[in-house]
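In: Mind folding the following:
(2 chains)
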Amino acid sequence: MNVTLEGETVVALKPVFGYLHRNHEKLAEGMSYLGSMPYTDRLDYICPLTNNWAYALAVEKLAGIEVPERAEYLRVILAELTRIQNHAAFLGFVLGDMGAWGTALMYAFRERERILDFFEELTGARMMVNFMRFGGCRWDTPAGWLEEVRKFVKGVPNFLDEMEKLLVENEILLARLVGVAPLSGKRAIEGGLSGPPLRASGVDYDIRKVDAYGIYSRFRFRIPRGEYGDCYDRFMIRIHEARESVEILKQALDEIPEGPVLNPKIKQRGFRPPPGEVYARLEAPKGELGFHIISDGTDRPYRYRVRPPSLINLTLLEEMCIGAKIADVMVILGSIDIVLGEVDR
Amino acid sequence: MIEELPTRLYAWFLQLLQKIGLPSIIVDIVGAFLIAISTCAVFLALFALTSVLERKILARVQNRLGPNRVGPFGLLQPVADGIKMLIKEDIIPHNADKILHFLAPVLALIPSLLVLAILPYGSNLVPVNLNSGLLYYFAISAIAEIAIFLAGWAGNNKYSVLGAMRAIAQILSYELPLATSALCVALAAGSLSLPQIVQSQNNYLLGLFPNWFLFTPWGLAAGLVFFIAALAETNRSPFDLPEGESELVAGHLTEYSGFKYATFFIAEYVGMFAICALFVTLFLGGWLPPLPFLAFIPSWIWFFAKVCFIAFVMIWIRATLPRMRIDHLLSFAWKFLLPLAFSAFFALLLWHYLGRNILSSLLSFAFIVAAYFALGYPFTQRYSPRKRTYLFSE
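Out: Numbers count the residues shown, from 1 in each chain, chains lettered A, B, ... in the order given. Next up is the predicted model:
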């Protein structure tokens, strides 16, 4: 970021990115459809499973693939676990940006590590999971995995309560967050924001409700939204959202049926979808994650494009930061919650 | 016996020198050096110990282990750190002011060692019994700000200059409440001499309860102000803005490496211990034991135990609180701490002129509480807003 200052006050700010550009989109155009699945892990490396799912969702929509029931449930469980661990990490990172010496971060990461352990047990990797396939998931859960997750999910509200009690009434935290960089709902929509920053501004828009992709229409859950759109709202929205994720997880874990997890008719290697164009999106923890794929009928996509929430949520960064202090810039950036792997691809 | 161990050792050593037949002037000079060196050595050893204990405590608070590889329980970590710092390359930026760049760490370390001279470490352990010790402390410790500003300026780096600007604004603002609250103690004790300030706290209510200044109503307020201002004065969290590593890389230390960086580090920690020691002397009865029958434990052990406890509280706060913002920091100093220090001053007058009894204590306590809430009211309005409700849509 190039920040122009007057004393401690920001007068101009220009995000400069591109340092982590890895040519993901062009690489994917020279690769088989399955070949770019592991690559999607590296987009938003905090939550790889939703990236996997978004890509699988796009290809499934393109080729009209059915997904088995159990796989749908498993995907919802994994996505909501991802959301919880992303939001936990977010709470820690924002406090770290404020200079809390990593105490909140360590406690948030304790919870996150347990979720990553589940991912490791299921997929073989903590972060680079490469788990979703076209028409399902790679393999079924190991014995006892769902039980362990169920036990863990029961404890998550305790963690959230603890975090809330620890942090939310701290005067320094309130002074640093309340009223900092408020964003109206109208500006948030104009800026193309999505995900928690949009909802913190009071806009009721969640793709899980709007599109009801997968089987989200079967679950009862609520969408929290803020009123003022300042950093405090953006902070609290995450805690409330994680609570709702716990509700979804409980329902999904109770209802998950037996059965196959992968559609056996799909040939994963050398996969050739019919020619066509598709855009599929889902509610990633950071916002709307979409994949735009044009197929010409060969085994490689003709055009492959990612709509990353982190990049587009940055559009209003300058507007939010002007007039704030430098110390606020870190908090504002933290409250948008970006991951540079996704900003640059 | 143990109580007098340091003084006896000292006297024995000087006698030894005289016996060898050295002229008395040389013996005097050696004696003075001996005191200076041993005082510095104690605090540098404390620094080495704290640098590892702080990391240990932070780690425990943060649910991890901390350094445990070097030596038993990682206790030799400071040795490893010291060697690392010494053999690192000393980088001076190309367009830095080379003289000031060299001078700044030296200037930071010297005042923090100099102030150690006047602190009463035990009932008969005062390196220099200065009758205006308190004044000396504030005069000398003010030099440290210049060192920080020099460090920021000499590096010729935008982060350094920003950090230095913050440091100056912060330290100047917090010097006032610090000095005002110390002034209350000086008035109550009727002396600027630190040993006498300790002596004036040397009595026990009902022969049991220590009559330290922190346990008087005005002293509670003044002690609180002093402690908060001390945190800011030594750039400890939550007032570590000059270094603010998430915003300013390392603030005024950005361009320093190797042993110059270590020198700043030593200066910061020795300064922290010095101000803890001053806090203990002014408000916690210095080397006095908390209960009269515990006097068999040597006074200097009580002193260092209290200092270490206050240092522990500082580390604890560092592990707990996020950093403040510069404008909040300044408005807190000018609109809350300084008026509170003044009201502690008036409470002291009430307490003293109404006869230092229960009634006057209650009155001055009521005054302090009223002042606290009146001064704090705008802050509670501004920083703890009404509870927010979040809308949920199905």
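
In: list the contacts for A:V246?
Out: Neighbour list for A:V246: A:E80, A:I84, A:V153, A:V156, A:P157, A:L160 [criterion: Cβ atoms under 8 Å, 6 or more residues apart in numbering or on different chains]. C-betas here are computed from N, CA, C, even on glycine.

In: Using a markdown table, please lay out the residues you listed together with distance to chain B and neighbour count.
Out: Output for those, formatted as a markdown table (distance: Cβ to the nearest Cβ, whole Å; neighbours: other Cβ atoms under 10 Å in any protein chain shown):
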| residue | distance to chain B | neighbour count |
| --- | --- | --- |
| A:E80 | 17 | 29 |
| A:I84 | 18 | 26 |
| A:V153 | 20 | 22 |
| A:V156 | 17 | 21 |
| A:P157 | 16 | 13 |
| A:L160 | 14 | 21 |
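
In: Which ones among those residues map onto helices?
Out: A:E80, A:I84, A:V153, A:V156, A:P157, A:L160 (DSSP state H).

In: So the first one is in contact with A:A252, correct?
Out: Yes: at 7.2 Å, A:E80 and A:A252 qualify as touching, with contact defined as Cβ atoms under 8 Å.

In: any idea how far the closest residue to B:G122 other than its chain neighbours lies from B:V52?
Out: Spatially, and ignoring its direct neighbours in sequence, B:G122 is nearest to B:W300 (3.5 Å; Cβ to Cβ, 6 or more residues apart in numbering or on different chains). As judged by Cβ to Cβ, to the nearest Å, B:W300 and B:V52 stand 23 Å apart.

In: Tell me which of the two has more neighbours.
Out: Neighbours per residue (other Cβ atoms under 10 Å in any protein chain shown) separate B:W300 from B:V52, with B:V52 holding more: 23 against 20.

In: How confident was the prediction at that one?
Out: On pLDDT, B:V52 comes in at 85.

In: what kind of secondary structure is it in?
Out: When classified by DSSP: H, G, I helix; E, B strand; the rest coil, B:V52 comes out as helix.

In: Please name the residues that touch it.
Out: B:P67, B:G74, B:L75, B:Q77, B:P78.

In: if you skip the residues just before and after it, what's nearest to the second one?
Out: For B:G74, ignoring the flanking residues on the chain, the nearest one in space by Cβ to Cβ, 6+ apart is B:P67 at 3.8 Å.

In: Does that neighbour touch B:L76 like I think?
Out: No: using Cβ under 8 Å as the test, B:P67 is too far from B:L76 to be in contact (9.4 Å).

In: Neighbour count for those two, which is higher?
Out: Set B:P67 next to B:L76 and count neighbours by other Cβ under 10 Å: B:P67 wins out with 19 against 15.

In: what secondary structure does that one sit in?
Out: Quick answer, by three-state DSSP: B:P67 is coil.

In: What degree of burial does the residue in chain B positioned nearest to chain A show, as a neighbour count?
Out: In chain B, the residue that lies nearest chain A is B:R323 (3.0 Å; Cβ to the nearest Cβ). By the measure other Cβ under 10 Å, the count of residues near B:R323 is 25.

In: Quick check: it vs B:I171, distance?
Out: Taking Cβ to Cβ, one finds B:R323 at 16 Å from B:I171.

In: next one: A:A242
Out: Applying Cβ to Cβ to A:A242 and B:I171 gives a distance of 41 Å.

In: For residue 337, list the residues it contacts.
Out: Picked chain A for this. By Cβ under 8 Å, 6+ apart, the contact list for A:D337 reads A:N86, A:F90, A:F93, A:P196, A:P197, A:R238, A:K286, A:S310, A:N313.

In: Not quite, go with chain B.
Out: Counted by Cβ under 8 Å, 6+ apart, B:L337 has contacts B:Y174, B:P177, B:V225, B:I228, B:A229.

In: 7 Å instead, please
Out: Contact analysis of B:L337 by Cβ atoms under 7 Å, 6 or more residues apart in numbering or on different chains lists B:P177, B:V225, B:I228, B:A229.

In: residues contacting A:A54?
Out: A:A280, A:R281, A:L282, A:A284, A:L289, A:G290, A:F291 are the contacts of A:A54 under Cβ under 7 Å, 6+ apart.

In: same check, this time on A:V11
Out: Counting by Cβ under 7 Å, 6+ apart, A:V11 touches A:T4, A:L5, A:I322.

In: now B:T320
Out: B:T320 is in contact with A:T103, counting by Cβ under 7 Å, 6+ apart.

In: Could you do the one 3 residues further on as well?
Out: Listed by Cβ under 7 Å, 6+ apart, the contact partners of B:R323 are A:M98, A:G99, B:S237, B:P238, B:D240, B:L241, B:G244.

In: Could you check how many residues crowd around B:E89?
Out: 6.

In: Nearest residue to it in space, ignoring adjacent ones along the chain?
Out: B:G258 (6.2 Å).

In: What of A:E72?
Out: A:I215 (4.7 Å).

In: Please tell me how far the one you found sits from B:I140.
Out: From A:I215 to B:I140 the distance is 72 Å (Cβ to Cβ).

In: before we move on, what about B:W153?
Out: In terms of Cβ to Cβ, B:W153 sits 21 Å off from B:I140.

In: Dead centre of chain A: give me the residue that sits there.
Out: Closest to where the C-alpha atoms of chain A average out (Cα atoms, centre = their mean) is A:P285, at 2.6 Å.

In: and that one, what does it touch?
Out: A:C47, A:T50, A:T82, A:R83, A:N86, A:H87.

In: if we can go back for a sec, where does the residue of chain B closest to chain A land on pLDDT?
Out: At B:R323, pLDDT is 81.

In: Then B:P378?
Out: 78.

In: Nearest residue to the residue nearest to the centre of chain A in space, please, no chain neighbours.
Out: Nearest non-adjacent residue to A:P285, counting by Cβ to Cβ, 6+ apart: A:N86, 3.7 Å away.

In: wait, isn't that neighbour in contact with A:P48?
Out: No: A:N86 lies out of contact with A:P48 (Cβ atoms under 7 Å); the separation is 10.5 Å.
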